[in-house]
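J.: Got a sequence here, can you build the structure:
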Amino acid sequence: MTNSTRNIVIVAVMVPILVMVVLFSVSPDLRRVWNQWRFNVQVADDQTDYANLRRVEEQALASISTWEGAYRLWRQHKDSDVQEERNWANGAMTRANNTAATFNNMLLENSFLIDVLPERFREPLPFLPIEEDFLDY
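T.: Here you go, the predicted model:
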């Protein structure tokens, strides 16, 4: 192969590569297609990864259990005549609301897993209402 033939082959290979790189970096449509493909692959990986599903289910189960315990304590002591028990209720309300916020954020972060999670983990946890005397510390 002569020197000029080799230069022609190099140019014939490098020009399409350079054109593709330039088009890819400036074309939003190509970028969108590439990002969508990568996203679909990641979603499929996450939906079929047993360790990830187990982690999300365990976190959801722990959050629901914590919220239910705090909710029961709040319901039991929120209308008590004893100030200390009302303080327990306020602490339980705070724990329940923090747990609800954490759980609801976890649902948003793992929204692509909603279809493969058990039904009981699909609904966000409600927030407990803040009592007016809670703000009078």
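
J.: low pLDDT regions in this protein?
T.: For the chain, the stretches flagged by pLDDT under 70 are 1, 131-137.

J.: Next one: the residue nearest to the spatial centre of it relative to Q59, how far apart?
T.: The residue lying closest to the centre of the chain (C-alpha atoms, centre = their mean) is E109, at 0.8 Å. Using C-beta to C-beta, to the nearest Å, one gets 10 Å for the distance from E109 to Q59. To be clear about C-beta, it is placed using only N, CA and C from the backbone, and glycine gets the same treatment.

J.: Using the record's domain definitions, break this structure down for me.
T.: What automatic domain parsing lists as the domains of the chain is 1-48, 50-137.

J.: tell me the most buried of these?
T.: Highest mean neighbour count among the domains of the chain (mean count of other C-beta atoms under 10 Å): domain 50-137, with a mean of 14.

J.: what distance separates that domain from the middle of the whole chain?
T.: What separates the centre of domain 50-137 from the centre of its chain is 17 Å, taken as C-alpha atoms, centre = their mean, to the nearest Å.

J.: switch to numbering from 5
T.: Happy to do that; since the first residue is 5 now, the last one works out to domain 54-141.

J.: Mind giving me the packing neighbours of the helix or strand harbouring L111?
T.: Following DSSP states H and E, one finds L111 within helix 87-113. The helices and strands touching helix 87-113, judged by 3 or more C-beta pairs under 8 Å, 6 or more residues apart in numbering; DSSP states H and E, are helix 54-81.

J.: for the helix it packs on, packing partners?
T.: Against helix 54-81 (3+ C-beta pairs under 8 Å, 6+ apart) you get helix 87-113.

J.: what inclination does the helix it packs on have with respect to helix 54-81?
T.: For helix 87-113 against helix 54-81, the angle by axes from the mean of the first three to the mean of the last three C-alpha atoms, to 10 degrees is 150 degrees.

J.: could you say what helices and strands the helix or strand containing V15 packs with?
T.: Following DSSP H and E, one finds V15 within helix 7-30. Contacting helix 7-30 under the criterion 3+ C-beta pairs under 8 Å, 6+ apart are the following elements: helix 32-52.
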